[in-house]
Every structure is written in structure tokens, then in C-alpha cells.
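J.: just coords:
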């Protein structure tokens with residue numbers, strides 16, 4: 001009975017989509033269990049390059065059932081358009097199952113997200129403006145609209161009237177905008193619900209039965225440990241738990257079901273959005289790494305914004321792996337560092353003259369300065385290596401150092417963006 005959570009150990013953008021796509025080849029189910037369309041998973045395979053924002057990353061494998069669980073912030077229009085784009089590009093129509101308990105991101109959520117970021121200006125949290133924070137605020141204020149509600153116009157109207165009563169006060173008196181009316185939105189949502197009917201089912205029952213039958217299940221996390229609202233760099237976090245421990249809740253599985261946690265880690269650091277980033281680089285040094293990174297430079301899959309980049313952060317990654325409960329690590333983008341004669345690594349934080357190795361809370365984190373150690377580089381292209389022994393000695397030593405520093409076995413090393421550029425290291 002195998003349930004594996006594939007999650008990020010850092011700020012997101014670690015390469016979870018690639019690893020999920022790779023592991024999905026042998027999985028019966030791939031499950032999105034939290035977050036929404038605010039972060040994308042970039043995948044490169046035989047069909048081309050894709051940035052999935054709503055669909056699970058198992059959609060390229062015909063045998064895999066792709067599940068959007070009850071913990072997801074569902075951008076239904078995005079889900080349907082992604083399915084259409086897959087078909088247009090020659091991908092066989094995947095099997096998708098949508099939880100009847102998942103809740104809908106509304107246009108007003110996106111509007112409020114954008115207006116609040118504009119109002120905050122330089123003090124903004126770096127939101128992607130896809131409505132995620134307002135969505136989760138409504139969810140926990142018991143104002144959310146579930147997929148199961150969509151075919152009942154009276155329920156949809158009642159919930160919209162309740163949520164609009166509060167939101168119109170904000171729109172008029174805080175943001176100086178006109179009040180919204182329920183109007184045609186009820187009909188639009190009911191029509192949307194009719195389009196979703198072919199995908200809707202009791203996904204909790206589906207997955208619990210699969211678990212009982214011993215079928216392989218992958219839980220695909222969004223963003224990374226440091227964006228978790230409880231354990232991350234709050235308030236520069238997302239609005240749902242990014243931890244593997246939440247995977248059982250967001251998917252509808254028992255808490256003891258998850259037997260393996262693959263934490264995905266980059267060979268250097270990157271992030272999109274605001275907040276403290278101790279090992280961050282600036283100017284030309286940052287631009288050089290950004291230009292070489294990712295599959296076409298380090299730019300956000302959803303926003304297109306240049307990602308902030310820095311050296312590998314042992315303190316942050318060890319903490320991220322610990323709170324994820326990592327049983328193994330997949331190290332990505334190792335090939336990117338081949339241009340360096342020496343590779344700096346952040347091994348500690350200096351705060352008020354004292355060096356520490358623990359990941360602190362925000363007030364201390366904002367004062368932290370990186371303590372760097374340098375490892376020898378390999379100064380060569382390793383993208384064609386297909387076994388660990390083929391890597392230069394310096395590259396193997398870099399992997400071994402990270403494994404020792406983080407304290408979790410590195411079982412996979414990615415040397416390029418394609419599926420076949422992943423070295424298994426068991």
C-alpha cells in the first residue's frame with residue numbers, strides 16, 4: 001500500500017511537477033490536495049512544454065487517474081481550459097476526477113486579491129492575484145461554494161448574497177469601487193456546474209477504496225515548506241498548508257496512509273514573491289544564475305516574474321525537510337551550476353553577531369546574514385549523464401555534502417528539465 005507525497009522543501013519552484021510526472025508513470029492516482037491556480041508546475045516531456053496550474057501532473061499518463069481533492073481552491077474555468085489545451089496539443093484526454101466537496105474560486109476573490117495588493121503597494125505580500133487568500137478566507141468563514149452546490153441555483157444565490165453583503169462594504173468604502181450584484185453570476189455558476197458534472201464524484205471514497213486495495217497513490221503538493229502559513233515565513237506565505245502532513249486531509253485519506261515523503265530540493269535557491277530570503281543574490285551575479293537556471297531561465301510559471309535566486313541554503317532546506325517529514329530527497333537543477341569554479345553554500349545565519357544553524361522566526365530571519373562555505377565546482381556540462389558514477393567527482397561530492405548537511409538520503413538527481421534527465425540513486 002503505497003502513498004507518496006511529493007512536496008517542496010523550500011519556497012516553491014523546486015521541480016515538483018517534473019518529479020510527479022516522472023513518478024506518475026507507475027502510479028494509479030495522482031492527487032492535488034491543496035492550493036489553486038496561483039502556482040504552476042512546469043513539465044517537459046515528449047508532448048512539449050506545459051505549465052499546469054489546476055490539473056495534477058499525472059495527466060500525461062493514460063493509465064493514471066488524476067484527482068482534484070476537497071482541499072483544492074478550484075479555478076474551474078482554468079481546469080476546463082487546461083483540458084482543452086492538452087487535447088489541442090495531441091495529449092490523450094486524461095481521466096480526471098473532481099471532488100464534489102472542493103470549493104470554487106469566484107471572480108470576486110480574484111478582484112479583492114488584486115485590489116488589496118494594489119492598496120498595500122510596497123508592503124504587499126507578492127500575491128499572484130489569483131484570489132487564493134480571499135478564497136480561503138471565505139472557506140473558513142463558511143461562505144464558500146462547493147462543487148456539489150453548483151447544480152442548485154437557490155443554494156448558490158443564497159451563498160452569493162451572504163458573501164456579497166460583506167464584500168460590497170469593502171469594495172465601496174475601502175477600495176472605492178462599485179458594489180457587485182448577484183445578477184447573472186448565479187446562472188453562470190450553474191452553467192459551469194453542468195460542465196463539471198462528467199468529472200465530479202466522491203473522491204474521498206474513490207481514494208480510500210484505492211488505498212484499501214493497495215494501489216499506488218501520489219499526492220502532489222503545491223509551493224514549498226517555507227510558504228506554509230503555520231511553519232513558514234508568515235505572513236509571506238500562501239493560504240493553505242504546503243506540508244505533506246496536510247496531504248491526507250486535503251485528499252481524504254487516513255493520516256497514517258502516507259508512507260513516503262519525497263521532498264524536492266533545488267541545487268541552488270529560488271523563489272517568486274516577497275519575504276526574507278537569506279542567501280539571495282543581487283545584480284549581475286543573480287542575473288547570471290537566473291539566466292542559466294530552470295528550463296528557460298528562472299521565471300515564474302504563473303506570473304512570468306523573474307525569480308529571486310540565491311545559493312543553496314542548508315539552514316532553510318534542513319528545516320523544510322524536517323517539517324515535511326522527508327523520507328527521501330530529489331535534488332533538481334544540478335546541471336545549472338556547471339559554470340562555477342567554486343559553489344557557495346549557505347551553512348548558517350549570522351544574527352546580531354551570533355551564528356546559528358536553526359531556521360528562526362520572521363523578526364530574526366529579517367536580520368539574518370548568510371554564512372557561506374565554498375565547494376569546488378566541476379565546470380562542465382553534466383546534462384548527458386545518466387548514472388551517478390558518470391557525474392564528475394566534484395558534482396558527486398556536492399550531492400554528498402547536501403545529503404549529509406540536510407540529513408536525508410538523496411534518491412534522485414536531475415541534470416536537466418526532461419524526463420530522461422533524472423538519475424536514480426537508490
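T.: In hand now; what should we look at? Keep in mind that what you see is a predicted model, and the values were worked out from it rather than measured.
J.: helices or strands next to the host helix or strand of residue 400 in the packing?
T.: Here residue 400 sits within helix 393-406, counting by DSSP states H and E. For helix 393-406, the packing partners by 3 or more C-beta pairs under 8 Å, 6 or more residues apart in numbering; DSSP states H and E come out as helix 314-324, strand 328-332, strand 342-351, strand 369-376, strand 410-414. C-beta: built from backbone N, CA, C; applies to glycine.
J.: next up, the contacts around residue 278.
T.: For residue 278, the contact set (C-beta atoms under 8 Å, 6 or more residues apart in numbering) comprises 310, 313, 315, 316, 346, 349, 365, 368, 369, 370.
J.: from those residues, which is closest to residue 274?
T.: Sorting the contacts of residue 278 by how near they are to residue 274, with C-beta to C-beta, puts residue 365 at the top with 12.9 Å.
J.: wait, isn't the closest one in contact with residue 276?
T.: Yes - counting by C-beta atoms under 8 Å, residue 365 does reach residue 276; the two are 4.5 Å apart.
J.: neighbour count winner among these two?
T.: The neighbour comparison of residue 365 against residue 276 (other C-beta atoms under 10 Å) goes to residue 365, with 20 against 17.
J.: if I look at that one, how far off is residue 358?
T.: 11 Å (C-beta to C-beta, to the nearest Å).
J.: against residue 42, how distant is residue 48?
T.: With distances taken as C-beta to C-beta, residue 48 is found 11 Å from residue 42.
J.: report the buried residues of the helix holding residue 400.
T.: Across helix 393-406, burial judged by 16 or more other C-beta atoms under 10 Å covers 394, 395, 396, 398, 399, 401, 402, 403, 405, 406.
J.: nearest to residue 189, of those?
T.: Nearest to residue 189 among the buried residues of helix 393-406: residue 406, at 45.6 Å, using C-beta to C-beta.
J.: so what's the closest one up against?
T.: Residues in contact with residue 406 (C-beta under 8 Å, 6+ apart) are 265, 314, 317, 318, 321, 329.
J.: count the neighbours of the third one for me.
T.: Using other C-beta under 10 Å, residue 317 has 29 neighbouring residues.
J.: how about the fifth one?
T.: Burial of residue 321 is recorded as 23 neighbouring residues (other C-beta under 10 Å).
J.: quick check: it vs residue 338, distance?
T.: The gap separating residue 321 from residue 338 is 25 Å, by C-beta to C-beta.
J.: what's the answer for the fourth one, then?
T.: Taking C-beta to C-beta as the measure, residue 318 falls 25 Å from residue 338.
J.: repeat for the third one
T.: According to C-beta to C-beta, residue 317 and residue 338 sit 21 Å apart.
J.: now do the shared contacts for residue 365 and residue 276.
T.: By C-beta under 8 Å, 6+ apart, the residues touching both residue 365 and residue 276 are residue 233.
J.: with respect to residue 31, which of the buried residues of helix 393-406 is nearest?
T.: residue 406 (26.0 Å).
J.: tell me where the stretch 51-200 of the chain has helices.
T.: For the stretch 51-200 of the chain, the helices defined by DSSP state H, counting those that start in this stretch cover 76-88, 107-120, 132-140, 153-173, 185-196.
J.: can you get me a residue count around the spatially closest residue to residue 201 that is not a sequence neighbour?
T.: Among residues not flanking residue 201 along the chain, residue 97 sits closest, at 5.3 Å (C-beta to C-beta, 6 or more residues apart in numbering). The number of residues packed near residue 97 is 21, by other C-beta under 10 Å.
J.: mind listing the residues bridging to residue 97?
T.: Per DSSP bridges, the residues bridged to residue 97 are residue 67.
J.: and the helix or strand of the chain with the lowest mean pLDDT, how far out from the chain middle?
T.: Of all helical and strand segments in the chain, the minimum by mean pLDDT, DSSP states H and E falls on strand 41-45, at a mean of 82. In terms of C-alpha atoms, centre = their mean, to the nearest Å, the centre of strand 41-45 is set 13 Å apart from its chain centre.
J.: now for that strand, which elements pack on it?
T.: When contacts are defined as 3+ C-beta pairs under 8 Å, 6+ apart, strand 41-45 sits against helix 16-23, strand 48-52.
J.: for this protein, which spans come out with low pLDDT?
T.: 1, 125-127, 296, 300-304 (pLDDT under 70).
J.: re earlier: compare residue 48 and residue 42 (neighbour count), which wins?
T.: Counted by other C-beta under 10 Å, residue 48 and residue 42 do not tie: residue 42 has more neighbours, with 22 against 10.
J.: contacting residues for that one?
T.: 17, 18, 49, 50, 51, 294, 295, 301, 417.
J.: quick one: residues contacting the closest residue to residue 357 other than its chain neighbours.
T.: Leaving aside its chain neighbours, residue 357 sits nearest to residue 348 (5.2 Å; criterion: C-beta to C-beta, 6+ apart). Residue 348 makes contacts with 314, 315, 355, 356, 357, 370, 371, as judged by C-beta under 8 Å, 6+ apart.
J.: can we see that at 6 Å?
T.: Listed by C-beta atoms under 6 Å, 6 or more residues apart in numbering, the contact partners of residue 348 are 355, 357, 371.
J.: can I get those in CSV with distance to residue 74?
T.: Shown next, in CSV, are these (distance: C-beta to C-beta, whole Å):
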residue, distance to residue 74
355, 45
357, 40
371, 43
